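[1] Structure for the following, please:
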Amino acid sequence: MSDHGTASFIAECYWPDIRTEVVTELVSQAQTSAAAITGRGEPVTLTGSIVVPEDEIVFLLFEADSAESARRVCEEAGVPFDRIVESIEMRT
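    Modelled structure (predicted):
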């Protein structure tokens with residue numbers, strides 16, 4: 001967890017035959033949902049996404065106080081996901 005009390009989470013989404021326009025739409029819906037949830041006092045931000053077309057996987061990246069917040073975003077936005085896990089970004 002960062003000094004601000006938030007942590008990073010990844011929503012793993014297995015989407016057979018995924019198309020970029022579908023990802024774009026679902027990411028937009030998730031951003032709207034994150035803003036609404038934050039407005040209700042539960043801070044959560046969708047910080048990005050990673051698409052792996054060959055494996056038919058999309059990763060949605062979140063900053064939030066808990067995995068439950070990221071889960072709520074996905075559920076409210078209608079984003080199908082397999083699991084949400086805490087993550088640590090390490091860049092070189």
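
[2] Who are the contact partners of Ile84?
    9-12, 62, 67, 70-71, 74 (C-beta atoms under 8 Å, 6 or more residues apart in numbering). Every C-beta, even on glycine, is put in place using the N, C-alpha and C of the backbone.

[3] Let's verify it: helix, strand, or coil?
    strand (DSSP: H, G, I helix; E, B strand; the rest coil).

[4] Quick check: bridge partners of it?
    Ala11 (DSSP bridges).

[5] quick one: it and Val44, what's the gap?
    Distance, Ile84 to Val44, by C-beta to C-beta, to the nearest Å: 11 Å.

[6] How many residues are close by Gly39?
    The local packing of Gly39 (other C-beta atoms under 10 Å) involves 9 other residues.

[7] Helices along the chain, start to end?
    20-39, 67-77 (DSSP state H).

[8] and those, which is most packed in?
    Most buried of those by mean neighbour count (mean count of other C-beta atoms under 10 Å) is helix 67-77; its value is a mean of 20.
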